[in-house]
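Visitor: From the sequence below, what's the structure:
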Amino acid sequence: LDKILDFFEAEEATLPVELSSFTAIWNGAAVLNWVTASETQVLGYNLYRNISANLNQALKINLSLVNASGTSSQTLNYSFIDPYPELSDLQYYWLEAVSLDGSSQHFGPIELRIPDGGPDVPPPGVYHNRLISSFPNPFGSIITCQYELAEKAAVQFRLYNLRGQIVHKSNQIESERGEYNYTIEFSGVPGLYIMELQIGEMRFRKKLLKL
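Guide: Numbering: from 1, shown residues only. Sure, this is the predicted structure:
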């Protein structure tokens, strides 16, 4: 009987986001719309894009978190424009809801078919050597680092604890000019950490909180 009750209690557990809809339309750019029926302790949203239905290789397309209401029982509407999707007639998009405790909930993929004549070819990308973001922050056990390279280079990631000890070190990653994601799975103790990206002689750091 206890196992049956536990099952029903788990089924009734409140999810951070009750999503009513998540859609994409083409209007000279990819317009992503989503509607939530309720939100519970939600920090914000990330959006991802790929030309295949593979979230693991998808690119996060928002540079900063799309702010959520936190907690709400009202219907809320959100919109995000992706002006330069991949040069493909079929795109896949995902929505990630990031909770205040660092956990996340994914929705999708949804498909967007782009009519003939679009998307327009984007202007040549201007990239800089930089660590754009590390998300989610705070994080649970998985952290994704988004970075740019101004030219072909070898990069390396290191994660330090507050004693200055290296608790994670990546292999050398050689990449062409562009924007990339690097994902780390880390099961260390909760606390503050420093993520470091080294590009040649340059080093970029961000503070992270592990829950």
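Visitor: next SSE after the longest strand that the chain contains?
Guide: When the chain is parsed with DSSP state E, its longest strand is strand 30-50. Using DSSP states H and E, the helix or strand that follows strand 30-50 in sequence is strand 59-60.
Visitor: Would you mind listing the outside residues contacting that following strand?
Guide: Asn46, Leu47, Tyr48, Arg49, Asn50, Phe135, Thr144, Gln146, Glu179, Asn181 (C-beta atoms under 8 Å, 6 or more residues apart in numbering). Backbone N, C-alpha and C define where each C-beta goes, glycine included.
Visitor: From those, list just the buried residues.
Guide: Asn46, Leu47, Tyr48, Arg49, Asn50, Phe135, Gln146, Glu179, Asn181 (16 or more other C-beta atoms under 10 Å).
Visitor: which ones are touching the last one?
Guide: By C-beta under 8 Å, 6+ apart, the contact list for Asn181 reads Leu59, Lys60, Thr144, Cys145, Gln146.
Visitor: Going by neighbour count, list what's buried in stretch 48-64.
Guide: Tyr48, Arg49, Asn50, Ala58, Lys60, Ile61, Asn62.
Visitor: continuing past the helix or strand of the chain with the lowest mean pLDDT, what's the next helix or strand?
Guide: For the chain, counting by mean pLDDT, DSSP states H and E, helix 2-11 ranks last in confidence among helices and strands (a mean of 46). Scanning forward in sequence from helix 2-11 by DSSP H and E, the next helix or strand is strand 17-26.
Visitor: If you count contacts, what does that following strand end up packed against?
Guide: strand 30-50, strand 90-99, strand 104-113 (3 or more C-beta pairs under 8 Å, 6 or more residues apart in numbering; DSSP states H and E).
Visitor: can you redo these as TSV with mean pLDDT and distance to Gly140?
Guide: Below are these laid out as TSV (pLDDT from 0 to 100; distance: least, C-beta to C-beta, whole Å):
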stretch	mean pLDDT	distance to Gly140
strand 30-50	93	13
strand 90-99	94	10
strand 104-113	93	8
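Visitor: ranking those by burial, who's on top?
Guide: Comparing the helices and strands packed on strand 17-26 by mean neighbour count (mean count of other C-beta atoms under 10 Å), strand 90-99 ranks first with a mean of 21.
Visitor: Can you give the distance of that one from its chain's centre?
Guide: Offset of strand 90-99 from its chain centre (C-alpha atoms, centre = their mean, to the nearest Å): 8 Å.
Visitor: export that strand as PDB, just CAs?
Guide: Provided in PDB are the C-alpha atoms of strand 90-99 (Å, rounded to 0.1, in the frame of the first residue of the first chain):
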ATOM      1  CA  LEU A  90      14.100  22.600 -41.300                       C
ATOM      2  CA  GLN A  91      15.000  23.800 -37.800                       C
ATOM      3  CA  TYR A  92      14.400  22.100 -34.400                       C
ATOM      4  CA  TYR A  93      14.000  24.200 -31.200                       C
ATOM      5  CA  TRP A  94      13.900  23.300 -27.500                       C
ATOM      6  CA  LEU A  95      12.800  25.300 -24.500                       C
ATOM      7  CA  GLU A  96      14.600  24.900 -21.200                       C
ATOM      8  CA  ALA A  97      13.000  26.100 -17.900                       C
ATOM      9  CA  VAL A  98      15.700  26.800 -15.300                       C
ATOM     10  CA  SER A  99      14.500  26.600 -11.600                       C
END
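Visitor: Much appreciated, bye for now.
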